[in-house]
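Novice: next come a sequence and a model predicted from it.
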Amino acid sequence: MDSDMETAKGACRRLVNEIIDLNLHRLGLISFESKAELLCHLTQNKIELNTQINRIYAKNSTNMFEALKFACEELKNSSAEKNIIIVTDGDPDDKPNTLKLASKIQSQGIKIYAIAVGRYLDQDYLIEMVGKKKVFFIKNMNELANAFIKVIEEIQSIE
């Protein structure tokens with residue numbers, strides 16, 4: 001298995017098992033490559049989340065538009081604070097429509113945070129999509145767990 005992907009999965013496991021309090025919050029998991037796939041509905045079940053983290057894989061495509069649609073659908077019936085965290089290593093396939101959808105989602109009170117990793121990111125696009133305070137740039141997957149901590153701290157400072 002690709003070591004970067006295994007490092008990313010380790011950071012996701014750390015988010016589920018140590019960083020976020022699942023007694024208070026629920027998490028869902030969506031993988032997005034050439035098509036988005038809902039891996040896990042919103043849950044507090046660590047076992048289910050960890051099982052589905054193992055199903056995450058990466059390809060060369062980034063269908064962020066479809067992933068945002070899945071996330072919005074998942075959150076629509078939740079009465080709790082609504083946040084989406086996207087981890088991306090590239091540009092979305094459909095920038096104009098992804099921007100429009102992100103704007104619509106945020107107008108509904110759902111906050112979107114982006115953790116961007118890699119050298120070939122369109123930083124201006126991601127800032128336009130989520131706002132400067134909601135995008136976190138990291139150099140490699142070794143920094144992902146710390147980025148999750150920063151995002152959770154940012155979310156909790158707003159609540």
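Specialist: Received, thanks.
Novice: confirm residue 37 sits in a strand?
Specialist: Yes - counting by DSSP: H, G, I helix; E, B strand; the rest coil, residue 37 falls inside a strand.
Novice: which of the helices or strands spans the residue nearest to it when sequence neighbours are not counted?
Specialist: Of all residues not flanking residue 37 in the chain, residue 31 sits nearest, at 5.0 Å (Cβ to Cβ, 6 or more residues apart in numbering). All C-beta spots, glycine's among them, are computed from the backbone N, C-alpha and C. For residue 31, the element it lies in under DSSP states H and E is strand 27-32.
Novice: rewinding a little: ok, the residue nearest to residue 37 touching residue 54?
Specialist: No - at 11.1 Å, residue 31 does not count as touching residue 54 under the criterion of Cβ atoms under 8 Å.
Novice: ok, the two, which is more surrounded?
Specialist: residue 31 (20 against 11; other Cβ atoms under 10 Å).
Novice: separation between the more buried one and residue 149?
Specialist: Using Cβ to Cβ, to the nearest Å, residue 31 is found at 22 Å from residue 149.
Novice: you'd agree residue 13 is in a helix?
Specialist: Yes - assessed with three-state DSSP, residue 13 lies in a helix.
Novice: what's near enough to touch it?
Specialist: 50, 53 (Cβ atoms under 8 Å, 6 or more residues apart in numbering).
Novice: ditto for residue 55
Specialist: By Cβ under 8 Å, 6+ apart, residue 55 lies in contact with 31, 39.
Novice: which SS class is it?
Specialist: Going by three-state DSSP: residue 55 is coil.
Novice: do the same with residue 87
Specialist: Relying on three-state DSSP, one would call residue 87 strand.
Novice: count the residues that sit near it.
Specialist: Residue 87, neighbours per other Cβ under 10 Å, totals 21.
Novice: how about the one 10 residues further on?
Specialist: Residue 97 is surrounded by 13 other residues when neighbours are defined as other Cβ under 10 Å.
Novice: my read: it touches residue 63, true?
Specialist: No - look at residue 97 against residue 63 with Cβ under 8 Å: they stay out of range, at 10.8 Å.
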